[in-house]
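1. Sequence and predicted structure are below.
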Amino acid sequence: MKGMALALTAVMIVGLTALHADDKKDDTKAKLVGTWEPTSGDAPKGSTLVFTKEGKLSINIEAEGKKLSIEGTFEVDGQSLKTTLKGPDGKERKETMKIKSLTDKELVTVDEKGKEDTFKKQEKK
């Protein structure tokens, strides 16, 4: 059950958003493309979020010696990023979060309950 709770937490963490201007929408999506690791918040250390340029999202969680992968999609809409993820139970979950800040190296999100999470982007190898 604890693994399921971690998976659901990861789903909530994932919400990301774009910058204010519509013409920045593609720039924001481009900045999101890559692999992100949590540095603060509820996601377990060693977990990753992977965003692709095609709008796909993969959450990889390692906790209690178990690995879990959740697949889905994301869409940038103004200052919001809407995610649709299929949980381990097969049910789709949709969530929208706001980006507090986004740089080439750091992402800070705020969920619908006001919870803040910070991620750092992994460097390409």
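-> Cool, the structure landed. Residues are numbered from 1 along each chain as shown.
2. Assign a three-state SS to Pro88, would you?
-> When classified by DSSP: H, G, I helix; E, B strand; the rest coil, Pro88 comes out as coil.
3. surely it meets Lys67?
-> No - counting by C-beta atoms under 8 Å, Pro88 sits too far from Lys67 to count as a contact (11.6 Å). (C-beta placed from N, C-alpha, C; glycine too.)
4. so Ile70 bridges to which residues?
-> With DSSP bridges applied, the residues forming beta bridges to Ile70 are Ile59.
5. what about this structure, any weak spots by pLDDT?
-> The model of the chain has pLDDT under 70 over residues 1-25, 125.
6. redo that, cut-off 90
-> 1-29, 42-46, 62-68, 76-82, 87-90, 99, 101, 112, 123-125 (pLDDT under 90).
7. Please, where are all the helices along it?
-> Using DSSP state H, the helices of the chain run over 2-13, 25-32.
8. gap between the residue nearest to Lys31 when sequence neighbours are not counted and Val50?
-> Closest residue to Lys31 apart from its sequence neighbours, by C-beta to C-beta, 6 or more residues apart in numbering: Leu102 at 5.7 Å. Using C-beta to C-beta, to the nearest Å, Leu102 is found at 16 Å from Val50.
9. For these two, indicate the residue with more neighbours.
-> Each of Leu102 and Val50 has its neighbours counted (other C-beta atoms under 10 Å); Leu102 has more, 21 against 16.
10. Would you check that that one makes contact with Val33?
-> No - look at Leu102 against Val33 with C-beta under 8 Å: they stay out of range, at 11.9 Å.
11. How many neighbouring residues does Ala63 have?
-> Residues near Ala63, counting by other C-beta under 10 Å, number 18.
12. repeat for the one 4 residues further on
-> Applying the criterion other C-beta under 10 Å, we find 11 residues in the vicinity of Lys67.
13. do the one 5 residues further on as well
-> Applying other C-beta under 10 Å, we find 20 residues neighbouring Gly72.
14. Same question for the one 5 residues further on.
-> Other residues within reach of Asp77 by the criterion other C-beta under 10 Å amount to 13.
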